[in-house]
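**Student:** I would like to see how this sequence folds:
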Amino acid sequence: MTETVVRRSLVELRVVRPDDAGALARLCVANREYLRPWEPERDDAYFTVEGQRANLDDLLDAYGAGEMWPGVVLVDGQVAGRITLNNILRGPLQSCFVGYWVAFAHAGRGVATEAVRQALQVAFRELGLHRVEAFTRVDNHASQRVLERNGFTPVGVSRRHIHVEGRWHDERLFERLAPWDDGVALHPPCA
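**Tutor:** The predicted structure follows:
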């Protein structure tokens, strides 16, 4: 009798780097149709190495200003998608929005779920945020499952919230509070 070996892929996140432009351009081209229902319309330049390099420069500028945390999703060391903590707000809100996608080749394998789990650690531990929010189109059930598996709760529906595929779509808003939330503290307790 032979033993079946099940190998689990290693999923990691890291901040984007300018040298990710080539890998991201290839992924964007290969997944253009797969991502079309969920992503805003992009011009052809976005799908080039130069377009990705310009996008990464913008993301890294926003990261440097503390406005976002732009990451890549790595599977076994290879770029397999993107994840960002967007619109970081400080002061009395201490919140952000998470956005993510993984290539079709990794869809349905727990990669997005693990990536969001790790992004929550960045948000709550490294950045000291209190709340992470996420929007998904109401018909994007796979993304909603990713959020629910990570402890997000649905808040409501934002009507005609995003314009993709030539029209406005409703989106469901989800939220997740920090594990340290006690209803009083503005910041996490000191370790």
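**Student:** how long is stretch 93-109 end to end?
**Tutor:** One end of stretch 93-109 to the other measures 34 Å (Cα to Cα, to the nearest Å).
**Student:** check which residues of that stretch are buried.
**Tutor:** By neighbour count with 16 or more other Cβ atoms under 10 Å, stretch 93-109 contains the buried residues Gln94, Ser95, Cys96, Phe97, Val98, Gly99, Tyr100, Trp101, Val102, Ala103, His106. Where C-beta positions appear, they are placed from N, C-alpha and C, glycine not excepted.
**Student:** tell me the contacts of Ala112?
**Tutor:** Contact partners of Ala112, counting by Cβ atoms under 8 Å, 6 or more residues apart in numbering, are Val73, Gly81, Tyr100, Trp101, Val102, His106, Ala142, Ser143, Val146.
**Student:** quick one, strands of the protein?
**Tutor:** Using DSSP state E, the strands of the chain run over 11-15, 69-75, 78-89, 95-102, 131-137, 153-164, 167-177.
**Student:** export the ones you listed to TSV and tack on distance to Ala54 and mean pLDDT?
**Tutor:** Formatted as TSV, the strands of the chain follow (distance: least, Cβ to Cβ, whole Å; pLDDT from 0 to 100):
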stretch	distance to Ala54	mean pLDDT
strand 11-15	17	98
strand 69-75	13	98
strand 78-89	15	98
strand 95-102	19	98
strand 131-137	25	97
strand 153-164	21	95
strand 167-177	27	96
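**Student:** quick one: contacts for the closest residue to His130 other than its chain neighbours?
**Tutor:** Once flanking residues are discounted, His130 sits nearest to Gln94: 3.9 Å by Cβ to Cβ, 6 or more residues apart in numbering. Listed by Cβ under 8 Å, 6+ apart, the contact set of Gln94 reads Gly128, Leu129, His130, Arg131, Leu186, His187.
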